[in-house]
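Asks: next one to model:
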Amino acid sequence: MLDIQTFSVSELTSLIKTILETGVGYVRLRGEVSNFKRHSSGHFYFTLKDTEAQISAVMWRPYADRLSFNIKDGLELLVEGDLQVYAPHGKYQIVCYTARPVGEGYLQQEFLRLYEKLRAQGLFDETLKRPLPRYPERIGIITSSTGAVIEDIKKILARRYPAAQLILYPARVQGEGAVEELIAGVQCFNRLQPRPDVLILARGGGSIEDLWPFNSEALAYAIRDSQIPVVSAVGHETDFTIADHAADVRASTPSMAAEIVAPLAQQVLEDIEAIMQSLRTTLQTNIQQHLAHIHSIVNSYAFNRPKRELATLVQRLDYAEERLVHSITERVRTYQTLLEHAAQRLSALGHENILKRGYILAFKHGRVISSAQAAQPGDELILHFHDGVRHVRVER
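Replies: Okay, here's the model as predicted:
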């Protein structure tokens with residue numbers, strides 16, 4: 001007889017566990033979901049099957065919480081995890097760490113479901129869309145720090161609008177953790193002081209699975225809650241994501257986003273010149289209007305009435321001055337004539353004329369004497385004739 005080793009159930013199960021877990025270990029597995037159950041603990045339990053076999057699967061809560069889609073029966077999944085043996089039930093199972101749907105049909109259905117849900121909530125209403133700033137000073141960019149997307153955006157902005165300051169928030173744009181980093185980028189820029197004037201949420205093209213982080217409901221809410229206008233530039237022109245609909249502006253490509261947010265430098269100069277010309281025209285128009293208003297006031301009857309009254313008063317003053325001058329002149333002339341007549345009369349009554357008629361003036365001690373009694377013998381007198389003076393002595 002052959003010497004066959006005898007195992008207990010536990011020993012055999014332990015041996016199988018060791019062989020499977022060390023010999024197979026970490027695997028990638030594709031299969032259809034059935035018997036899906038979400039436990040109250042948050043753990044997922046389900047079966048993966050194909051047409052000929054099936055295997056139990058479990059996903060612990062920390063990994064289940066990272067999924068951006070809902071697992072349900074009939075969904076085809078591609079999972080990665082460790083092949084393990086669950087000894088109490090004597091069966092093997094795969095402990096899943098990652099999972100993603102297989103096939104675009106399901107993802108497209110999920111996209112349409114979420115789109116209709118958010119649209120019904122009004123998240124995509126045009127009235128919520130904010131205009132982009134015409135001349136942004138700071139532009140925030142949320143994308144991968146490596147690759148062609150950020151380089152294309154930098155080149156276009158440097159060529160079109162070098163005055164803008166570019167601020168990059170590096171984020172994963174696909175795979176595990178991408179949604180959280182994209183949301184963190186939007187929130188970070190909104191806390192920044194001073195804040196950017198506009199945000200660009202960008203990534204290059206890819207499959208629907210690659211673009212799936214941009215179909216996150218949480219990211220859509222973050223975009224709408226942003227105080228900064230957001231431009232979504234995900235994939236190619238034919239790619240549409242939930243982020244595109246939630247954003248204020250959708251750009252068909254990342255390069256187009258750079259074109260949209262940044263005016264051409266030449267256009268900026270032309271706009272400045274147009275504004276300056278408009279200001280000059282407005283200023284000249286205002287000056288002309290004010291001058292016309294001033295002229296109308298200056299030429300108005302009300303404004304000129306005091307002027308006319310003043311002119312009348314000045315004219316009356318001139319006439320009064322002429323009359324006064326004429327009156328004074330006539331009075332002076334009259335008084336001059338009277339003075340001349342008086343002077344002639346006084347001259348006729350003067351002692352010179354009396355002396356010429358044969359009279360003399362006798363002075364004694366410097367005084368005129370008018371009687372003989374005033375001249376006593378021995379007095380010396382001075383006699384004034386009309387043609388001279390004589391000194392005499394009274395004899396008797």
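Asks: now Arg130: how far from Gly31?
Replies: Distance of Arg130 to Gly31, given as Cβ to Cβ, to the nearest Å: 46 Å. Bear in mind the C-beta positions are built from the backbone N, C-alpha and C, glycine included.
Asks: how about Arg38?
Replies: 19 Å.
Asks: ok, these two, which is more surrounded?
Replies: Gly31 (20 against 14; other Cβ atoms under 10 Å).
Asks: the helix or strand containing Ala342: how far from the chain's middle?
Replies: Element membership for Ala342 (DSSP states H and E) is helix 301-349. Taking the mean of its C-alpha atoms, helix 301-349 sits 75 Å from the chain's own mean (Cα atoms, centre = their mean, to the nearest Å).
Asks: what does stretch 249-266 give?
Replies: In terms of Cα atoms, centre = their mean, the centre of stretch 249-266 is found 21 Å from the chain centre.
Asks: same question, stretch 34-51
Replies: Offset of stretch 34-51 from its chain centre (Cα atoms, centre = their mean): 56 Å.
Asks: same thing with stretch 122-132?
Replies: On Cα atoms, centre = their mean, the centre of stretch 122-132 falls 21 Å from that of its chain.
Asks: most distant residue from the middle of this protein?
Replies: In terms of distance from the mean C-alpha position of the chain, Arg396 ranks first, at 133.1 Å (Cα atoms, centre = their mean).
Asks: what sits against the closest residue to that one other than its chain neighbours?
Replies: Ranked by Cβ to Cβ, 6 or more residues apart in numbering and with sequence neighbours excluded, the top spatial neighbour of Arg396 is Pro377, at 5.2 Å. Neighbouring residues of Pro377 by Cβ atoms under 8 Å, 6 or more residues apart in numbering: 394-396.
Asks: where does Pro377 fall, phi/psi-wise?
Replies: Phi and psi for Pro377, reported as degrees, to the nearest 10, are phi -60, psi 140.
Asks: which residue ranges of the protein form helices?
Replies: Using DSSP state H, the helices found in the chain span residues 9-23, 61-64, 104-120, 148-160, 178-191, 217-225, 242-246, 254-261, 265-298, 301-349, 351-356.
Asks: I'd like the contacts of Pro377 as JSON lines, with distance to Glu11 and pLDDT appended.
Replies: Shown next, in JSON lines, are the contacts of Pro377 (distance: Cβ to Cβ, whole Å; pLDDT from 0 to 100):
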{"residue": "Val394", "distance to Glu11": "200", "pLDDT": "82"}
{"residue": "Glu395", "distance to Glu11": "206", "pLDDT": "82"}
{"residue": "Arg396", "distance to Glu11": "207", "pLDDT": "73"}
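Asks: so which of those sit within strands?
Replies: Judged by DSSP state E, strands contain none of the contacts of Pro377.
Asks: reformat these as a markdown table; add distance to Gln93.
Replies: Shown next, in a markdown table, are the contacts of Pro377 (distance: Cβ to Cβ, whole Å):
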| residue | distance to Gln93 |
| --- | --- |
| Val394 | 186 |
| Glu395 | 192 |
| Arg396 | 194 |
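Asks: could you point out which of those residues is nearest to Gly235?
Replies: Val394 (160.0 Å; Cβ to Cβ).
Asks: what sits against the closest one?
Replies: Applying Cβ under 8 Å, 6+ apart, the residues near Val394 are 375-381.
Asks: returning to what we had before: gap between the residue farthest from the centre of the chain and Ser300?
Replies: If you go by Cβ to Cβ, the gap between Arg396 and Ser300 works out to 105 Å.
Asks: ditto for Val230
Replies: Between Val230 and Ser300 the computed distance is 60 Å (Cβ to Cβ).
Asks: per-domain residue ranges of this protein.
Replies: Using automatic domain parsing, the domain ranges for the chain come out as 9-102, 108-124+135-263, 352-393.
Asks: pick the most deeply packed of these.
Replies: Most buried of the domains of the chain by mean neighbour count (mean count of other Cβ atoms under 10 Å) is domain 108-124+135-263; its value is a mean of 19.
Asks: next one: that domain to chain centre, how far?
Replies: With Cα atoms, centre = their mean, you get 24 Å for domain 108-124+135-263.
Asks: next one: stretch 86-101
Replies: 59 Å.
Asks: can you list the domains of the chain in a markdown table and add distance to Gln277 and mean pLDDT?
Replies: Shown next, in a markdown table, are these (distance: least, Cβ to Cβ, whole Å; pLDDT from 0 to 100):
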| stretch | distance to Gln277 | mean pLDDT |
| --- | --- | --- |
| domain 9-102 | 54 | 85 |
| domain 108-124+135-263 | 18 | 91 |
| domain 352-393 | 100 | 81 |
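Asks: please convert those domains to JSON lines, extending it with distance to Arg308.
Replies: Listed next are the domains of the chain as JSON lines, based on distance: least, Cβ to Cβ, whole Å:
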{"stretch": "domain 9-102", "distance to Arg308": "90"}
{"stretch": "domain 108-124+135-263", "distance to Arg308": "57"}
{"stretch": "domain 352-393", "distance to Arg308": "65"}
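Asks: minimum distance to Ala320: which of these has it?
Replies: The closest of the domains of the chain to Ala320 is domain 352-393. By Cβ to Cβ, the value is 46.6 Å.
Asks: what is the end-to-end distance of the closest one?
Replies: Chord length of domain 352-393, first to last residue, is 24 Å (Cα to Cα, to the nearest Å).
Asks: returning to what we had before: of the contacts of Val394, which belong to strands?
Replies: Taking DSSP E, the ones among these that sit in strands are 380-381.
Asks: with distance to Glu137 added, can I get the contacts of Val394 in JSON lines?
Replies: Converted to JSON lines, these look like this (distance: Cβ to Cβ, whole Å):
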{"residue": "Ala375", "distance to Glu137": "130"}
{"residue": "Gln376", "distance to Glu137": "132"}
{"residue": "Pro377", "distance to Glu137": "136"}
{"residue": "Gly378", "distance to Glu137": "133"}
{"residue": "Asp379", "distance to Glu137": "129"}
{"residue": "Glu380", "distance to Glu137": "127"}
{"residue": "Leu381", "distance to Glu137": "126"}
